[in-house]
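Student: Sharing a model that was predicted from the sequence below.
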Amino acid sequence: MNNQMIKLFKKEIDVSFNIKFSVEKNLLQEEIFKILSNDSLIIEWFQHLEFFQIRWFIENLYLYNVNELLDGQIGYSIDSNTNKPIPSWNKNWLVIGYASSDPIIYNLKTKKIYSSIHGTGNWDLILISNNFEEFLTLLNLWITTISNKNIIYNEYGEIKESILSEFKELINDACLDKNLYEHFIKLDWIY
């Protein structure tokens, strides 16, 4: 399923979303892959991802490539002034990207994907998906929903109800957990 999922994702993505894949490897990547060793799909993803940025709700959603993962922890798990670990950060959390400065967190232990509002003084996690495969599926469905649509916001700056309805229908059609839609639209970076 891993190679198939990545190939499907790469095949269905429109180039206008600024997503690039490569197959380069270095020693730093090897160390990161050891950390991620219990999830072959996320390893496969990072082995090929070069650049990922898509139009999101308010700002773009950006996912790190393997060479950006360590620097991507700064400000979340690593203090930007001291370069020391931040005690309130769970050692099982790995920031794999962000949207509106809010981290997208991969839990190394549970394999779930979360987000949290940055700058509140604590990390109240919001579940995005139960695993990385669901996360990729959600991204794919979102990209499918907004593809070829020039205007996704109403006059109040909110996502049009028709866009959200289409997205919800795609989630249902994909037989995903219906709660994923609710989690997804509750994220701070949506509105």
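Tutor: Okay, I see it.

Student: which residues in the protein form strands?
Tutor: 19-21, 49-55, 60-63, 93-99, 102-107, 113-115, 126-129 (DSSP state E).

Student: shaky segments in this structure?
Tutor: 1-37, 47-59, 185-191 (pLDDT under 70).

Student: re earlier: export the strands of the chain to a markdown table and tack on distance to N179 and mean neighbour count?
Tutor: From N, CA and C alone the C-beta is placed, and that goes for glycine too. Below are the strands of the chain laid out as a markdown table (distance: least, C-beta to C-beta, whole Å; neighbours: other C-beta atoms under 10 Å):
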| stretch | distance to N179 | mean neighbour count |
| --- | --- | --- |
| strand 19-21 | 27 | 16 |
| strand 49-55 | 23 | 17 |
| strand 60-63 | 20 | 19 |
| strand 93-99 | 20 | 22 |
| strand 102-107 | 17 | 22 |
| strand 113-115 | 14 | 23 |
| strand 126-129 | 8 | 19 |
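
Student: Nearest approach to T145 belongs to which of those?
Tutor: strand 49-55 (11.0 Å; C-beta to C-beta).

Student: Now do the contacts for N81.
Tutor: For N81, the contact set (C-beta atoms under 8 Å, 6 or more residues apart in numbering) is empty.

Student: ok so, going back, now render the strands of the chain as CSV, adding distance to L139.
Tutor: Output for the strands of the chain, formatted as CSV (distance: least, C-beta to C-beta, whole Å):
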stretch, distance to L139
strand 19-21, 10
strand 49-55, 7
strand 60-63, 8
strand 93-99, 10
strand 102-107, 10
strand 113-115, 10
strand 126-129, 9
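
Student: To G157, which of those lies closest?
Tutor: Nearest of the strands of the chain (C-beta to C-beta): strand 49-55, 14.5 Å.

Student: which residue ranges form the helices in the chain?
Tutor: 2-12, 27-35, 40-48, 132-146, 161-173, 179-186 (DSSP state H).

Student: wait, I146 sits on I152?
Tutor: Yes. Counting by C-beta atoms under 8 Å, I146 does reach I152; the two are 5.6 Å apart.

Student: who's more crowded, these two?
Tutor: I146 (20 against 15; other C-beta atoms under 10 Å).

Student: any idea how far the more buried one is from L164?
Tutor: Computed with C-beta to C-beta, to the nearest Å, the distance linking I146 and L164 is 11 Å.
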